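**Student:** Sequence and predicted structure, then a few things I'm wondering about:
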Amino acid sequence: MEVLEIKDLEQGYGGLSVLQGISFSMKAKEKRALIGPNGAGKTTLFNVLCGLTPLRSGQIHLLGHNITHTSPDKRAALGMARSFQITNLFPTLSILNNVLLSIQGLQTTRFQMFRPIDAYEDNLARARELLETVDLWDKRYTPVSELSHGQQRQIEIILALASKPKILLLDEPNAGLTRNESDSIADLINKLVGDTAVLLTAHDMDLVFKLSDQIMVLYYGKIIADGTPEQIKTDSKVREIYLGT
């Protein structure tokens, strides 16, 4: 069964078409990049997939469920997670509490109001496992606001993976990072995703080629190329768009 299946997505604003006939599918463990110039429709597509923007037409299936008109929280409960271009953390809370809140967010367990958040042993063990992968367990009580931008990006990816999603959408995961920090993000994603399918957008072609099994090129709302990194590198349409040749 496909993890994600997209059929003929159409979206626009007024008379402007932003997405036109978008179709693709993804399997477990697959890492697929979505690239294209600014204004191509990448963020709109992510917002449609997450349920933040309604569709004009088309269908979205997640693990066989038709989620075309499903709310964002129900999509998350079914196994979809997302990170944003701008870090989306609680800056005044500790690193540990940020991670624990993310783990608890999709659980159906009834939590007691006066019981400490770190008193749930299974959640604490999961938080420790995640934080140790980025060497931040020893700093778990540090407020997020005191971390570097690169470390905050790592925490955001950890939060997205905390619930063990079936598919993870990463919107510019290395935005604002140095080359070394960007390499660390790529290594972290490869280390942690496991069976999770990953769909990412990025302008950094080094990151795209390092992470992706397949690459789609979006241009004026249409997918004009879809193939392996090597196929995309040699595609004449892609070279014209990116290199002007």
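**Tutor:** Noted; the coordinates are in hand.
**Student:** wait, isn't Lys7 in contact with Asn66?
**Tutor:** No - with contacts counted by CB atoms under 8 Å, Lys7 stays clear of Asn66, the gap being 10.1 Å. All C-beta spots, glycine's among them, are computed from the backbone N, C-alpha and C.
**Student:** Mutual contacts of those two, please.
**Tutor:** Listed as contacting both Lys7 and Asn66 by CB atoms under 8 Å, 6 or more residues apart in numbering are Gln59, Ile60.
**Student:** for the protein, what spans make up the helices?
**Tutor:** Taking DSSP state H as the criterion, the chain carries its helices at 42-50, 72-78, 95-105, 121-133, 149-161, 179-192, 205-211, 229-233, 236-243.
**Student:** Looking at Lys7 and Asn66, which is more packed in?
**Tutor:** Lys7 (15 against 11; other CB atoms under 10 Å).
**Student:** hang on, isn't Leu19 packed against Phe46?
**Tutor:** No - assessed by CB under 8 Å, Leu19 is found out of contact with Phe46, at 10.9 Å.
**Student:** Please identify which of the two sits among more neighbours.
**Tutor:** Leu19 (26 against 21).
**Student:** pLDDT at that one, what is it?
**Tutor:** We have a pLDDT of 95 for Leu19.
**Student:** Skipping adjacent residues, who's closest to it in space?
**Tutor:** Of all residues not flanking Leu19 in the chain, Gln11 sits nearest, at 4.2 Å (CB to CB, 6 or more residues apart in numbering).
**Student:** again, but for Asn88
**Tutor:** Nearest residue to Asn88 in three dimensions, chain neighbours excluded: Glu156, at 6.5 Å (CB to CB, 6+ apart).
**Student:** What number of neighbouring residues does that neighbour come out with?
**Tutor:** 22.
**Student:** Tell me if I'm right that it and Pro91 touch.
**Tutor:** No - judged on CB under 8 Å, Glu156 makes no contact with Pro91 at a distance of 11.8 Å.
**Student:** burial count for the residue nearest to Leu19?
**Tutor:** If you count neighbours by other CB under 10 Å, Gln11 ends up with 22.
**Student:** how close does it sit to Asn47?
**Tutor:** When distance is defined by CB to CB, to the nearest Å, Gln11 is 9 Å away from Asn47.
**Student:** hey, what's in contact with both of these two?
**Tutor:** Shared contacts of Gln11 and Asn47, counting by CB under 8 Å, 6+ apart, come down to Thr53.
**Student:** In the protein, where is pLDDT below threshold?
**Tutor:** Along the chain, the parts satisfying pLDDT under 70 run over 84-87, 105-120, 243-245.
**Student:** List the contacts of Ile232.
**Tutor:** Contacts of Ile232 by CB under 8 Å, 6+ apart are Ile215, Val217, Ala225, Val238.
**Student:** Only the buried subset of these, as a PyMOL command please.
**Tutor:** In PyMOL, this line selects whichever of these come out buried by 16 or more other CB atoms under 10 Å:
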select buried, resi 215+217+225+238
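**Student:** Closest one of the contacts of Ile232 to Ile103?
**Tutor:** Ile215 (31.8 Å; CB to CB).
**Student:** Name all residues that make contact with the closest one.
**Tutor:** Arg32, Ala33, Leu34, Ile35, Val208, Ala225, Asp226, Gly227, Thr228, Pro229, Ile232.
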